[in-house]
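In: Can you look at this prediction? I've put the sequence above it.
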Amino acid sequence: MDVLSGILLLCLAVGLYVVCSLYLLRNPWILHKKKRLEFYCRHISHRGGSGEKIENTMEAFTHAVAVGTEMLEMDCHLTSDGYVVISHDYNLMRQTGYDKTVSSLRFQDLPLYEERLEVTFYVGHYSTGKDRKFVLLEDLFKKFPSMPMILEIKENNDLLIKKVSNLVKQYHRESFTVWASEESDVMAKCNEQNPSMPYMFTMKRGILLLLLFYTGLLPFVPLGESLLLFYLPSIINRTYIPEEAILKKRFVVYLLQKLTMRKSLFEHLIKRGLQVQLFVCNEESDMEAAFAVGATGVMSDYPTLLTNYIKKHPPPPPPPISYFKGNSKHCIANR
């Protein structure tokens, strides 16, 4: 009888936990104050729109803004003379043909980009442009003072993090400039240096997020992050060929798709005030798939294509205007 009573109590406790978890998953505001970000962006340009102009050049960023992007994504490195420069790669071989690192060169000595550069997330497609020069982060801040940006820190470099933080503060961009890094130790340093900036999930935190979701614990756990940036798995081995051998296996990609593309997870995060951005969507079918699964934003190498897609598929009504201090057409920011 005691064993039976124990089993019944256990079943009752598990059932109560499941019910509470499901209820709070759908109604997270009961336990958590909703985040009030000062931007809401559906259109994000990857490396400034590297499919239409040479990646990370001023021409690319200017073109992306001109055709209607609402957020720019980029990567930061430090030159030998202490300038924060925009470059995806640490070694410049792929981008310029020179086997040199960014940190080994002065800014004025950085070589030009190749005249024709393959789009990383669209194999077999190339971009060209008149501008082949590397760009300083400060020059982008001057050129686009009110444009939200995602800054990925590509090195575990304290000086780089400090200089990026100082530039963000100098140009009063803390509320609409996002820290990004795949590494948790780098992100910890970023948050310590400038805790006023919103930040994204790292790789480890993303895995933890999934564990919390599938165990039912997510509704009970506070989240410091403001953005979830993640691959749209269906692009892997189709438009994007990864270097990692494990991601070349079809079953692994299928499993990744099933585990991560959970509309209920995205809806929960959005209700808590986070934004979910899926990348890198370079075909209309991928943009459609990303928005269909619940993404608030799509990142693309083709800003014109994404603009045209959004025009043909008007977004749902934006969050209430009281969440923000100002507004723009699709992206709401206060500066």
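Out: Now that the structure is in, tell me what you want to look at.

In: from here on, contacts and neighbour counts on C-alpha atoms
Out: OK.

In: give me every residue that touches the residue nearest to residue 101 when sequence neighbours are not counted.
Out: Closest residue to residue 101 apart from its sequence neighbours, by CA to CA, 6 or more residues apart in numbering: residue 91 at 4.3 Å. The contact partners of residue 91, by CA atoms under 8 Å, 6 or more residues apart in numbering, come to 99, 100, 101, 102.

In: Just among those, which is most surrounded?
Out: residue 102 (22 neighbours; other CA atoms under 10 Å).

In: Provide a list of residues in contact with that residue.
Out: Residues near residue 102 by CA under 8 Å, 6+ apart: 77, 78, 79, 80, 90, 91, 92, 110.

In: Same list (the residues you listed) but as CSV, adding distance to residue 139 and secondary structure.
Out: Below are these laid out as CSV (distance: CA to CA, whole Å; DSSP: H, G, I helix; E, B strand; the rest coil):
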residue, distance to residue 139, secondary structure
77, 14, strand
78, 15, strand
79, 15, coil
80, 18, coil
90, 20, coil
91, 22, strand
92, 21, coil
110, 16, coil
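
In: and these as JSON lines, adding pLDDT?
Out: Putting the contacts of residue 102 into JSON lines (pLDDT from 0 to 100) gives the following:
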{"residue": "77", "pLDDT": "98"}
{"residue": "78", "pLDDT": "98"}
{"residue": "79", "pLDDT": "98"}
{"residue": "80", "pLDDT": "98"}
{"residue": "90", "pLDDT": "97"}
{"residue": "91", "pLDDT": "98"}
{"residue": "92", "pLDDT": "98"}
{"residue": "110", "pLDDT": "98"}
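
In: quick one: which of the residues you listed is nearest residue 154?
Out: Nearest to residue 154, judged by CA to CA, of those is residue 77 at 6.5 Å.

In: residues near the closest one, how many?
Out: 26.

In: quick one: the least confident helix or strand in the chain by mean pLDDT to chain centroid distance?
Out: When the helices and strands of the chain are compared on mean pLDDT, DSSP states H and E, helix 2-26 comes out lowest with a mean of 92. Relative to its parent chain, helix 2-26 has a centroid offset of 37 Å by CA atoms, centre = their mean, to the nearest Å.

In: which among the contacts of residue 102 gets closest to residue 228?
Out: Of the contacts of residue 102, the one sitting nearest to residue 228 (CA to CA) turns out to be residue 77, at 22.6 Å.

In: Just confirm that closest one contacts residue 85, I think it does.
Out: Yes - with contacts counted by CA atoms under 8 Å, residue 77 reaches residue 85, the gap being 5.4 Å.

In: Now do the same contact list for residue 161.
Out: With CA under 8 Å, 6+ apart, residue 161 has these contacts: 153, 189, 190, 193.

In: Quickly find the element holding the second one.
Out: Secondary-structure assignment from DSSP states H and E places residue 189 in helix 184-193.

In: Contacts made by that helix with the rest, please.
Out: 153, 155-156, 158, 161-162, 165, 179-181, 197, 199, 202-205.

In: one more time with 7 Å, if that's ok
Out: 156, 161, 162, 165, 179, 181, 202, 204 (CA atoms under 7 Å, 6 or more residues apart in numbering).

In: want to try CSV for the contacts of residue 102, with distance to residue 314 as columns?
Out: Formatted as CSV, the contacts of residue 102 follow (distance: CA to CA, whole Å):
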residue, distance to residue 314
77, 37
78, 40
79, 42
80, 46
90, 39
91, 41
92, 40
110, 42
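
In: For ChimeraX, write the select line for the buried members of those residues.
Out: Buried residues within those, by 16 or more other CA atoms under 10 Å, are selected in ChimeraX with:
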select :77,78,79,90,91,92,110
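
In: Closest one of the contacts of residue 102 to residue 256?
Out: Of all the contacts of residue 102, the one with the least separation from residue 256 (CA to CA) is residue 90, at 28.1 Å.

In: I'm done for today, thanks for sticking with me.
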